[in-house]
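Colleague: Below are the sequence and a predicted model; questions follow.
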Amino acid sequence: MDLNALKNVRAWTNGVEVEHEAIAQIKNIAALPVVAGPVAIMPDVHLGKGATVGSVIPTRGAIIPAAVGVDIGCGMCAVRTELEADDLPDSLAAIRSAIEALVPVGFSMHKRPVNPRPDELFGMQLERSSEQLHDRYQRLRIMERIGKFDHARVWTQLGTLGGGNHFIEICLDESDRVWVILHSGSRNVGKTIGETAIGMARDQAQRLQRNLPDRDLAWLDEGTPQFEEYVDGLRWAQDYAAHNRDLMLLAVLSALRAAFGRDIGTAEHAVNCHHNYSSIEEHFGEQVWITRKGAVAARAGQLGIVPGSMGARSYIVRGKGNANSYCSCAHGAGRRMSRNAARRSFSVADLRAQTAGVECRKDAGVLDEIPAAYKDIDAVMTAQAELVDVVHSLKQVMCIKG
């Protein structure tokens, strides 16, 4: 169906399939009394918790924690090196192993906190330090609501990838130049803050006897202690996630420098952008909270990253500042089937065939990440032609997943 026919919805989904369950969620979100205008639906939209992934939700005087999600600040980072395709060896297995030795994946973490030395910055200036994050963490009141919690783990997980759809990739652009791209978020601490805030919102909705179509659409009201606690935690987790990506990027560049025995440069630092977050912004003359759940900011001239799946292309894009989308675009291909459905539908042989030519895991542990479980990234890009221009088209040659 044409999602633009729905009340209080604007959609960029032409030519992209949207499941019925997701449509029902979109209707629920758009009808909430705190929603300040039409909900913007991106072409990678799919079923989420409470709110669909691939949604941009404007709210007035409130935030819906489940719409932000539990991987607060999850996003992408990309950099172009001075390497070219001809510089790469025939097999990238050794480089993949070297990166995995420096960046723990899945449930693994560092044995001790990682702090980069100045000579490891590769000419890149980090926007924040681990020490600054630590000082702010000590003042987060939302953490006081949590019972037993491993605080040391917060710092040993900095600079780690995690699992699921998080990844580190080496890609080639249209001119055969080598890029590094990675996707990760705020790890267990962001998940804990998100889950705590979702619980707070549910409790508030029950106390105020709010009639909700889905309890995961409960919101926190601006001006309440719970709201202030959540916003502090939200902003901290977003900065933690960005710093986490910075540290991993430095580790990947270090592994490449060691592998090639020379400086590989950072010729074009594209972006470090969130796609699960909320921020106060001005749209249509009003200050509102904009929650991008699986969506990237795409203001006029702003660079962003739209990744495909393990065997598909990714794109560096430049925003067009489309006001009706709240200056946003898709955050990736978007799932077309659940993880369980992917495991039932495909075999390891399918995975190997669909990731041919890519140095990556090809075992049952990542079968739910098979490319066919995702939408066609080119269809997604066509559907959002009003939102972004393509700057670079990237093809993966190596992919690390947890």
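Modeller: That came through, no problem. Please read all numbers here as calculations on a predicted model, not as lab measurements.
Colleague: can you pull the contacts of Val380?
Modeller: Counting by C-beta atoms under 8 Å, 6 or more residues apart in numbering, Val380 touches Val16, Pro43, Asp44, Val306, Ala330, Gly332, Ala333, Gly334. (Glycine included, C-beta is placed from N, CA and C.)
Colleague: What segments of the stretch 301-402 of the chain are helices?
Modeller: 339-345, 348-354, 377-383 (DSSP state H, counting those that start in this stretch).
Colleague: which stretches of the chain have low pLDDT?
Modeller: 116-126, 267-270 (pLDDT under 70).
Colleague: mind exporting stretch 350-359 as PDB, just the C-alpha atoms?
Modeller: C-alpha atoms of stretch 350-359 as PDB (Å, rounded to 0.1, in the frame of the first residue of the first chain):
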ATOM      1  CA  ASP A 350      23.500 -20.100   0.400                       C
ATOM      2  CA  LEU A 351      25.600 -17.800   2.700                       C
ATOM      3  CA  ARG A 352      28.800 -18.800   0.900                       C
ATOM      4  CA  ALA A 353      27.300 -18.200  -2.500                       C
ATOM      5  CA  GLN A 354      25.900 -14.800  -1.600                       C
ATOM      6  CA  THR A 355      29.100 -13.600   0.000                       C
ATOM      7  CA  ALA A 356      31.400 -14.900  -2.800                       C
ATOM      8  CA  GLY A 357      34.500 -12.700  -3.200                       C
ATOM      9  CA  VAL A 358      34.100 -11.200   0.400                       C
ATOM     10  CA  GLU A 359      36.600 -12.300   3.100                       C
END
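Colleague: Could you pull out the buried residues of it?
Modeller: Leu351, Gln354, Thr355, Val358, Glu359 (16 or more other C-beta atoms under 10 Å).
Colleague: repeat for stretch 214-224
Modeller: For stretch 214-224, by 16+ other C-beta under 10 Å, it's Asp216, Leu217, Ala218, Trp219, Leu220, Glu222.
Colleague: tell me the contacts of the fifth one?
Modeller: What that stands for is Leu220. Counted by C-beta under 8 Å, 6+ apart, Leu220 has contacts Ala62, Ile63, Pro65, Ala197, Met200, Ala201, Gln204, Gln226, Phe227, Tyr230.
Colleague: residues contacting the first one?
Modeller: Under the criterion of C-beta under 8 Å, 6+ apart, the contact list for Ala62 reads Val34, Trp219, Leu220, Asp221, Glu222, Phe227, Trp289.
Colleague: now with 7 Å?
Modeller: When contacts are counted by C-beta atoms under 7 Å, 6 or more residues apart in numbering, Ala62 touches Val34, Trp219, Leu220, Asp221, Glu222.
Colleague: Reformat those as CSV; add secondary structure and distance to Ala297.
Modeller: Putting the contacts of Ala62 into CSV (DSSP: H, G, I helix; E, B strand; the rest coil; distance: C-beta to C-beta, whole Å) gives the following:
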residue, secondary structure, distance to Ala297
Val34, coil, 21
Trp219, coil, 22
Leu220, strand, 22
Asp221, strand, 25
Glu222, coil, 21
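Colleague: Pick the one among those closest to Gln157.
Modeller: Leu220 (26.0 Å; C-beta to C-beta).
Colleague: beta partners of that closest one?
Modeller: Beta bridges link Leu220 to Ile63, judged by DSSP bridges.
Colleague: What ranges does the protein have for its helices?
Modeller: Using DSSP state H, the helices of the chain run over 20-30, 65-68, 93-102, 130-137, 151-156, 187-207, 225-260, 339-345, 348-354, 377-383.
Colleague: Identify whichever of the ones you listed lies nearest to Met109.
Modeller: Nearest of the helices of the chain (C-beta to C-beta): helix 151-156, 4.5 Å.
Colleague: Other residues contacting the closest one?
Modeller: By C-beta under 7 Å, 6+ apart, the list of residues contacting helix 151-156 from outside reads Met109, His110, Lys111, Arg112, Pro113, Tyr137, Asn188, Val189.
Colleague: Kindly recompute the last result at 6 Å.
Modeller: Met109, His110, Pro113, Val189 (C-beta atoms under 6 Å, 6 or more residues apart in numbering).
Colleague: Go through the helices of the chain and pick out the most buried.
Modeller: helix 65-68 (a mean of 28; mean count of other C-beta atoms under 10 Å).
Colleague: With just CA atoms, put it into PDB.
Modeller: Once non-C-alpha atoms are left out, helix 65-68 reads as follows in PDB (Å, rounded to 0.1, in the frame of the first residue of the first chain):
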ATOM      1  CA  PRO A  65      12.400   5.500  24.900                       C
ATOM      2  CA  ALA A  66      11.500   2.300  23.000                       C
ATOM      3  CA  ALA A  67      11.500   4.400  19.800                       C
ATOM      4  CA  VAL A  68      15.100   5.400  20.400                       C
END
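Colleague: What helices and strands are in contact with it?
Modeller: helix 187-207, strand 286-293 (3 or more C-beta pairs under 6 Å, 6 or more residues apart in numbering; DSSP states H and E).
Colleague: from the contacts of Ala62, which is closest to Gln384?
Modeller: Looking across the contacts of Ala62 and measuring by C-beta to C-beta, the closest to Gln384 is Val34, at 26.4 Å.
Colleague: show me the contacts for the closest one.
Modeller: Contacts of Val34 by C-beta under 6 Å, 6+ apart are Thr59, Ala62, Trp219.
Colleague: most distant residue from the middle of the chain?
Modeller: Each residue of the chain has a distance to the centre, and by C-alpha atoms, centre = their mean the biggest one is for Gln209: 33.4 Å.
Colleague: between the contacts of Ala62, which is closest to Val79?
Modeller: Leu220 (36.2 Å).
Colleague: if I look at that closest one, how far off is Arg145?
Modeller: Here the criterion is C-beta to C-beta, to the nearest Å. By it, Leu220 lies 13 Å from Arg145.
Colleague: Chain neighbours aside, what residue packs nearest to the spatially most central residue of the chain?
Modeller: Nearest residue to the geometric centre of the chain (C-alpha atoms, centre = their mean): Gly75, 3.0 Å. Ranked by C-beta to C-beta, 6 or more residues apart in numbering and with sequence neighbours excluded, the top spatial neighbour of Gly75 is His274, at 4.0 Å.
Colleague: Identify the residues contacting the one you found.
Modeller: Contacts of His274 (C-beta under 6 Å, 6+ apart): Gly73, Gly75, Gln238.
Colleague: Make CSV from those and add distance to Ala152 to it.
Modeller: Output for these, formatted as CSV (distance: C-beta to C-beta, whole Å):
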residue, distance to Ala152
Gly73, 21
Gly75, 25
Gln238, 22
